[in-house]
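1. Mind looking at a prediction? Sequence and model below.
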Amino acid sequence: MARIQPQETAPVLLNKTDLCKSLGISTQAFDKWDVPVHSKKGRECLYTMADVVANRVANERKKHLSKPDEDDPEKPDLDYERWRLTKAQADGQEIKNEKERKEVVEVGFCVFVLNRIAAQIAPVLDQIHLQVKRKNPELPERTIQAIKAEVIKSQNTASKLAEGIEDLLDEYIGSTD
């Protein structure tokens, strides 16, 4: 018995216009697909349907491989991240509005103000023992020195007040909770 040899059929070649009509797409869309040209006849590029199908299958595989796994624990939840960003922006705007209404101030401003107040109090406290001595010259010198020592303690306390503002803020927040 004689074996029948399979005949190799020549692929059907279509130009771009006919191919796009059969696929129902525009030539511009087809150009974006980057389908390889099978052959050229003069200025006309000819394509096979097999090349077009292989191109589209490869494109879908590439899309599928580039998609992150749905069960990946490292993958961020975009809706949650978007919500967090929106909430942070809203909170920031609310703080800005409260600052404009002068309902809240920054800790740095409080430190600045307390340093200024301490600088204004220091010369007044520095003069107390002299004023007491002038008004009461009969007071013994050791009493004046005791007053001066207490005034110096007060000056030191006033000058350190600005340094402890953050600790005081933490204490205040803890007491209001």
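-> Cool, the structure landed.

2. Would you map out the domains in the protein?
-> 13-66, 104-176 (automatic domain parsing).

3. Now do the helices in this structure.
-> 16-23, 27-33, 49-66, 78-100, 107-135, 141-160, 165-176 (DSSP state H).

4. Can you lay out those helices as JSON lines showing mean pLDDT, mean neighbour count and distance to Gly42?
-> (Each C-beta comes from the backbone N, C-alpha and C, glycine too.) Output for the helices of the chain, formatted as JSON lines (pLDDT from 0 to 100; neighbours: other CB atoms under 10 Å; distance: least, CB to CB, whole Å):
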{"stretch": "helix 16-23", "mean pLDDT": "89", "mean neighbour count": "14", "distance to Gly42": "13"}
{"stretch": "helix 27-33", "mean pLDDT": "90", "mean neighbour count": "11", "distance to Gly42": "18"}
{"stretch": "helix 49-66", "mean pLDDT": "87", "mean neighbour count": "11", "distance to Gly42": "20"}
{"stretch": "helix 78-100", "mean pLDDT": "92", "mean neighbour count": "10", "distance to Gly42": "51"}
{"stretch": "helix 107-135", "mean pLDDT": "86", "mean neighbour count": "13", "distance to Gly42": "77"}
{"stretch": "helix 141-160", "mean pLDDT": "88", "mean neighbour count": "13", "distance to Gly42": "93"}
{"stretch": "helix 165-176", "mean pLDDT": "79", "mean neighbour count": "10", "distance to Gly42": "82"}
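
5. Next, format those helices as JSON lines and append distance to Ala2.
-> What follows is these, written out as JSON lines (distance: least, CB to CB, whole Å):
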{"stretch": "helix 16-23", "distance to Ala2": "39"}
{"stretch": "helix 27-33", "distance to Ala2": "45"}
{"stretch": "helix 49-66", "distance to Ala2": "31"}
{"stretch": "helix 78-100", "distance to Ala2": "66"}
{"stretch": "helix 107-135", "distance to Ala2": "99"}
{"stretch": "helix 141-160", "distance to Ala2": "111"}
{"stretch": "helix 165-176", "distance to Ala2": "98"}
